[in-house]
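Novice: Task: produce atomic coordinates for the following.
(3 chains)
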Amino acid sequence: MKKLLSALAATTMFVSVAQAQSIKIGLSGPFTGGSASMGVSMRDGVKLAVTEINKAGGVLGKQIQLVERDDEARNELGVQIAQELINKEQVVANLGYINTGVALASQRFFQEAEIPVINNVATGTLIAKQFVAPDHKANYIFRTSANDAIQSAMIVDEAIVRRGFKAPAILADSTNYGQLGRADLVKALEAKGVKPVAEEKFNIGDTDMTAQLLRAKNANADVILTYGIGPELAQIANGMAKLGWKLPLIGSWTLSMATFIDNAGANGDGAEMPQTFIQLPTTPKRKAFIEAYQAAYKVDRFPSPVSAAQGYDSVYLLAAAITQAKSTDGRKIREALENLQTKVEGVVTVYDHPFSATDHEAITNNIPVFGIVKAGRVEIAHPEDIAGDKALRVKAK
Amino acid sequence: MPVRTLLTLAGIVGIALFPFLATSPYYLHLVVVIAIFSIVTIGLDIVFGYTGEVSIGHAALMGIGGYTAGVLSFQLGIGFWPSLPLGIAISAAFGALLALPALRVTGPYLAMVTLAFGTIVQILINEMTFLTNGPLGIALKKPLFVDLRDWGDTIPFLDMSAARMRDMEFYFVVMAALLLTLVVVNRLLASRYGRAFEALRDSPIASDCMGVSVYRHKVLAFVLSSGLAGLAGVLFAYSEQYIAPNNFSFELSIQFLLAVTMGGRKSRVGPMLGSAIVVYLPNLLADIDQFRVVAGGIAAIAVVVGGIAMLRKPEDRARIAIPVALCVGFFAFSLVLQRITDFKLTVFGMMILFVVYYLPDGIFGFLRQTVAQFRPGWVHLHATIDAAGAQAWTATPPAIAEGKPLLEVGSVVMQFGGLRALDRVDLTVMPGTIHGLIGPNGSGKSTMMNVLTGIYIPTGGSVLFQGASIAGHKSPEIAAAGIARTFQNVQLFAELTLIENIMVGLHHRYRGSVAGVALGVPAARAEEADARARAGSLLRFVGLQDQANEEARNLPYGKQRLLEIARALALDPKLLLLDEPAAGLTAPDIKELMIIIRRVRDEGITVVLIEHHMDVVMNLCDIVTVLDFGQKIAEGRPAEVQADERVIAAYLGGSHAEAA
Amino acid sequence: MEILAQLIVSGIAVGMIYGVIAFGYQLTFATSKTLNFGQGEALMLGSLVGLTAVTITGYWLMLPIVLAFGLIQGSVVEWLGVRQAIKTKSEAGWIMATIALGIIFKNLAENIWGRDALKFPSPLPEAPLSFMGVNVLPMEIVIVFGALGLMLLVELFNRRSIYGKAVVATANDRDAAGLMGINTSLVITFSYALSSMTAAFAGVLVAPVTLTGASMGGALGLKAFAVAIIGGLSSGMGVVVGGLILGITETMTGYYISTGYKDVPGLVLLLLVLSFKPSGLFGKATIKKV
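Specialist: Down below sits the predicted model:
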């Protein structure tokens, strides 16, 4: 027993010595619960990138060490984790946030501590603008996903303009994500001179959407616009089938989650959503990424392809910034990110000066394309979107 | 200096120095959260540890306090200090709302209701976005109470950054709240309220019959603990600087319960210890190496403690081996797993099961028992009350009209389904007499007692005490009117001491309020001293004054009955009902009993006596009523009744023979 | 009118599920004055075990497997959680222990089957049937009749068979039953086994309509509390009526007020019934004996 304890003590000491030679990066997201498939995919994408970088010698000669924490999609856990990562683990940067609410609640601790956060999945528009001038001297929050202002404009464009619907009903969940997204949708519709005929809310964990759907039906809706996550979205699709009243589903990117596709089954076919990344080998880099991911995690279809790709890219961006800054000081990393000199070839896009002092969004509205659910997978909705050159879409200058 | 005072002083010094030693804000914050949780769990201990009711809603009550602070800040811009009393008051109000219906009935209803309440509160906070901002949560700012920079730019060895000052000041504010909680709760539990909580748990029926309403006190306990939870909630909101509906979930309520059970019930240290474990646990589980070290430590302790226990009691070897094996197995399990966070809740559940089975008194309780074995002087489970100088007891002369019956039972019927336990029985008891009530088993004697003391509501007929009807009144009311009783199966408050048992009967003499006790006002202290003196004199009356500080369950059987009588006399009754007081007593004990009963009558108290010992009945009673199958079959002087043929037939079943 | 009818029909189906779970509470409360705070998890395990079994044996053969599993799971709960507490007459003990077991089962289920919601194959076609403008899933009809059928069977068992009589005897007076030679401890174990079996069966019934997953048990178990209290913990008939009341109130609140508040009326009803008629709408008040 004593030997075991001293062995353990020695291991702990060794581990802490090893830590001094590494760069600690926080990784927080939901690895359990309804959002887990996004969190796990993001984590796996991040880990894939970190493994590649570490194999190539690491950053500034040191290995990257990820400090993972599961926030369970709960705002209050995110807050606790942020404090732990900053004060106890002393990370140099944080990757993560899947859920808008968790991001909004937790980021400010990193902002106060002047430690950069790269949001690689959360899409709430406010996220990258939570701390802007003149109230704040510098903004430490960056993003590599397509924010909801972009997505809602795309959704409205697809539904109203491209497909000609006139009476949209909005079904959104009660989280920050759902409600802020709903507000974005309403604004985008207004810009097209359209008012939603119904705006319905549901909670995470709800399985019965009959009431909301009945009200939408009563209002004579002709398309359902959604802002939610996988399991509940599936129940919307199933609920419509149960009522014998099937409308097209066009919604935010989460309609690509495996939990939606699997649980809705045939009822999910035809759902459309904006995607920064569709699991198709449309460029050599994407092909390599897909194969590497499949080999490393022994899956065929990614649980959440968008999360994996964006997570992967966020690591490379951060690594490039640390290398350029030649230091792990938060302020210097931020300045490097805002002024990235090297081009970073990511999965989603090629990043050329993705950020500036006033613009912390790496993705612009021309980058995502529409995906469509077909027979259990996400395919490209309008093949002309990625024909030829358009396969690789980059940020507009 | 007594050990306890030394430890308390050491604790206070430690608390004062800690923030200067802990430089990381993370650990300072952790200790603040532990203190806040301790406030909740000390309150929960009153409900769970003392009155024995399970509450799965304390997280919601805390949430109400927290959201009071949040809403006041968010909607009205009202800050920390006004939020404190409002948070306490609103949580206490919700506690009353819950407890009043749920505690009316015995059973797991409080658990179910608090569980439902917890869910409703979470839903309402989530949905009422106009008030609470719903799932988006509310952000608050930790206040800066005193800005030291007003007194100079730097003070040596103090970090003067605003963030650090905020953290330190808030730490001291929270610690002050915790100390205040400890003082108030200690005072309350050392007072008649603490005795009442223990009494209602040991014997709810006796408690009611002694005038200490079980219902009222359970509600009081719950409301007190709700107020404390509300206080903790306000502190929590400002400490975390962010609250969301999910903060105050079922999981948190379970953590509070675990903290109380694992730490140790009926103590102050126990809940604090439990809170520390519960707060630190997620940190521990996030780090597999640290977890293995701790699991290894626990296994080591278990092996050592178990080994010693097995050496002392070799016959218990198998029983002791199981928990030790479980601890070691747990350690092995932790070595095999790579990630323990996935199994966080399983670890949790297993801890609860382990505590329920093997550590029912919690870690602190276990420590106390162990220390008591080696140094009994260090452990005080009860306050030692000095009753040596007590004077002789005299009854307060009851105000009764002469010549009129004290108790008039008219044609009372007690029906249980198809069975008539009392069939139109008339009973008249004159003041100043000893009235016997006899009959074969099942004749309705105890039923009559239960009707008279409010345990049963009579199906028909009238019961008049001093001319006023008491039929259908509740037991505490009847006790207050002046009827006291003892029980066929002794219903003592087993875990209270002799003198504490009697002091429960003296509750009716107190005029002060909860607030008075909490603040420790002189009037409250005087009442307590008065009660102690009187209890001492009652003990002297039955000859038990030398064992005043023994636990009642340690008394020999015969003495227990005497104690019950003394306790009943504490009510200053006009009528004393004795239910088979001589059952199971030896001959010398019976002689003593009879002397006492005579003296009671001499003090002006009327006695109704159910007995099977015929010599007791014949010698003591002025008048005897005989029941059989729920009907009165004879009444009169003892000698007349003894010779009555119907009585003989009832006892012996028909053929005549001499009475016992 | 159509909508009202639709809401009532959906409410009946959901209410029957609550009723079956509450029926399980009542089974154990009758014999031992205890109930399984982790009953929702028993339902969840039943449906997940059923999900795994269905892929091997097909739907109909899966049913006896799930029923057997429920019997075993209930016995385990009783043996681990309740037996000790009954012996020591500790009220808090069995409450905490059954909660703890529920937590453990849920966590283990999360690790075995994952944390996501899963789809349960339906034995019947998933297209809804239409009666006068109201859509009913064939599975919902099965739920109602399956639930009723199971409760009827258990009630018949209690009244007709000798084992059932032993259960009733223990419920009435445990000590007397023990003196008559009835192994009361076994009877209590058996009542827990039956209780989990009904919950497991309910799990398999409800899973095709909602999704199944490790977290499906909690809310259902809690709602069933409300049903058990509303209907009365001593009445089999009461839980059916209580379930219907709750189910329909829920769907109506969901539609006419807001789905967010759907869970509130049931829980408020629970508080109200406890305040005014604690033995429930159909229960009998018990008599204390001193």
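
Novice: Which residues of the stretch 151-290 of chain C lie near chain B?
Specialist: The stretch 151-290 of chain C comes close to chain B at residues C:218-219, C:222, C:225-226, C:229, C:258, C:260-261, C:263-264, C:267-268, C:270-272, C:274-275, C:278-279, C:287-288, C:290, as judged by Cβ under 8 Å from any Cβ of the partner chain. All C-beta spots, glycine's among them, are computed from the backbone N, C-alpha and C.

Novice: in chain B, what spans have low per-residue confidence?
Specialist: Counting by pLDDT under 70, chain B contains low-confidence ranges at B:1, B:152-160, B:339, B:378-381, B:387-391, B:397-400, B:652-660.

Novice: before we move on, back to that, which ones among the residues of the stretch 151-290 of chain C next to chain B lie within helices?
Specialist: The helices in this structure, assigned by DSSP state H, contain C:218-219, C:222, C:225-226, C:229, C:264, C:267-268, C:270-272, C:274-275 from those.

Novice: Can you select the buried ones from those residues in ChimeraX?
Specialist: Buried residues within these, by 16 or more other Cβ atoms under 10 Å in any protein chain shown, are selected in ChimeraX with:
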select /C:218,222,225,226,229,264,267,270,271,274
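
Novice: Closest to residue B:203 out of the ones in helices among the residues of the stretch 151-290 of chain C next to chain B?
Specialist: Distance to residue B:203 across those (Cβ to Cβ) is lowest for residue C:274, with 24.4 Å.

Novice: measure the closest one to chain A for me?
Specialist: 26 Å (Cβ to the nearest Cβ, to the nearest Å).

Novice: Not counting residues beside it along the chain, what's closest to that residue?
Specialist: residue B:101 (4.8 Å; Cβ to Cβ, 6 or more residues apart in numbering or on different chains).

Novice: Who are the contact partners of that neighbour?
Specialist: When contacts are counted by Cβ atoms under 8 Å, 6 or more residues apart in numbering or on different chains, residue B:101 is found next to B:113, C:271, C:272, C:274, C:275.

Novice: Thought residue B:83 was touching residue B:73, still the case?
Specialist: Yes: look at residue B:73 against residue B:83 with Cβ atoms under 8 Å: they come within range, at 7.3 Å.

Novice: what about those two, which has more around it?
Specialist: Comparing residue B:73 with residue B:83 by other Cβ atoms under 10 Å in any protein chain shown, the one with more neighbours is residue B:83, at 25 against 19.

Novice: Name the nearest residue to that one, ignoring sequence neighbours.
Specialist: With Cβ to Cβ, 6+ apart, the residue lying closest to residue B:83 is residue B:69, at 4.1 Å.

Novice: Confirm that neighbour sits in a strand?
Specialist: No: according to DSSP: H, G, I helix; E, B strand; the rest coil, residue B:69 belongs to no strand; its state is helix.

Novice: in chain A, what spans have low per-residue confidence?
Specialist: Where chain A drops to pLDDT under 70, the residues are A:1-20, A:397.

Novice: By proximity to chain C, which residue of the stretch 551-660 of chain B wins?
Specialist: Using Cβ to the nearest Cβ, the single residue of the stretch 551-660 of chain B nearest to chain C is residue B:579, 9.1 Å away.

Novice: again, but for the stretch 351-500 of chain B
Specialist: Counting by Cβ to the nearest Cβ, the stretch 351-500 of chain B gets nearest chain C through residue B:352, at 3.7 Å.

Novice: For that residue, which residues are in contact?
Specialist: Taking Cβ under 8 Å, 6+ apart, we find residue B:352 in contact with B:254, B:257, B:258, B:261, B:262, C:96, C:97, C:99, C:100, C:103.

Novice: Quick check: mean pLDDT of whichever strand or helix holds the last one?
Specialist: Per DSSP states H and E, residue C:103 falls inside helix C:91-113. Model confidence over helix C:91-113, given as mean pLDDT, is 88.

Novice: Pull the number of nearby residues for the residue in the stretch 1-150 of chain C that chain A sits nearest to.
Specialist: Residue of the stretch 1-150 of chain C nearest chain A, by Cβ to the nearest Cβ: residue C:117 (4.3 Å). Counted with other Cβ under 10 Å, the neighbours of residue C:117 add up to 24.

Novice: sorry, back to before: do the helix holding residue C:103 and chain B meet at all?
Specialist: Yes: contact of helix C:91-113 with chain B (Cβ under 8 Å from any Cβ) involves C:91-93, C:95-97, C:99-104, C:106-108, C:110-111.

Novice: What remains of those residues if I keep only buried residues?
Specialist: C:91-93, C:95-97, C:99-104, C:106-108, C:110.

Novice: ok, which pair from those residues is furthest apart?
Specialist: The widest separation within these (Cβ to Cβ) is 29.7 Å, between C:91 and C:110.

Novice: Distance of the residue most central in space within chain C relative to residue B:443?
Specialist: Nearest to the mean C-alpha position of chain C, by Cα atoms, centre = their mean, lies residue C:21 at 0.9 Å. For residue C:21, the distance to residue B:443 equals 46 Å [Cβ to Cβ, to the nearest Å].

Novice: Just list the residues touching residue C:216, thanks.
Specialist: The contact partners of residue C:216, taken as Cβ under 8 Å, 6+ apart, are C:40, C:43, C:44, C:47, C:117, C:203, C:207, C:210.

Novice: tell me the pLDDT at the third one?
Specialist: At residue C:44, the model reports a pLDDT of 94.

Novice: next one: the first one
Specialist: Turning to residue C:40, the model gives it a pLDDT of 92.

Novice: element containing it, please.
Specialist: helix C:39-57.

Novice: Spell out which residues of the stretch 1-150 of chain B are next to chain C.
Specialist: B:48, B:52, B:54, B:56, B:98, B:100-102, B:104-105, B:107-109, B:111-113, B:115-117, B:119-120, B:123-124, B:126-127.

Novice: got any ranges where chain C has weak pLDDT?
Specialist: In the predicted model, chain C carries pLDDT under 70 at residues C:89-90, C:235, C:283-290.

Novice: Could you pick out the longest helix of it?
Specialist: From DSSP H, the single longest helix across chain C is helix C:2-32.

Novice: Tell me the buried residues in that helix?
Specialist: Applying 16+ other Cβ under 10 Å to helix C:2-32 flags C:3, C:6-32 as buried.

Novice: for stretch B:69-81, same thing?
Specialist: For stretch B:69-81, using 16+ other Cβ under 10 Å, the buried residues are B:69, B:70, B:71, B:72, B:73, B:74, B:80.

Novice: Can you show me the CA trace of the next helix or strand after the helix holding residue C:40 as PDB?
Specialist: Next in sequence after helix C:39-57, counting helices and strands by DSSP H and E, comes helix C:59-77. Extracted C-alpha coordinates of helix C:59-77, given in PDB (Å, rounded to 0.1, in the frame of the first residue of the first chain):
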ATOM      1  CA  TYR C  59     -40.400  -7.100 -30.600                       C
ATOM      2  CA  TRP C  60     -42.700  -9.700 -29.200                       C
ATOM      3  CA  LEU C  61     -40.100 -11.900 -27.600                       C
ATOM      4  CA  MET C  62     -38.500  -8.900 -26.100                       C
ATOM      5  CA  LEU C  63     -41.500  -8.400 -23.800                       C
ATOM      6  CA  PRO C  64     -41.000 -11.300 -21.500                       C
ATOM      7  CA  ILE C  65     -37.300 -10.400 -21.300                       C
ATOM      8  CA  VAL C  66     -38.100  -6.900 -20.100                       C
ATOM      9  CA  LEU C  67     -40.700  -8.200 -17.600                       C
ATOM     10  CA  ALA C  68     -38.200 -10.600 -16.200                       C
ATOM     11  CA  PHE C  69     -35.600  -7.900 -16.000                       C
ATOM     12  CA  GLY C  70     -38.000  -5.700 -14.200                       C
ATOM     13  CA  LEU C  71     -38.700  -8.400 -11.600                       C
ATOM     14  CA  ILE C  72     -35.000  -8.800 -11.000                       C
ATOM     15  CA  GLN C  73     -34.300  -5.000 -10.900                       C
ATOM     16  CA  GLY C  74     -37.000  -4.500  -8.300                       C
ATOM     17  CA  SER C  75     -35.700  -7.200  -6.100                       C
ATOM     18  CA  VAL C  76     -32.200  -5.700  -6.300                       C
ATOM     19  CA  VAL C  77     -33.600  -2.300  -5.300                       C
END
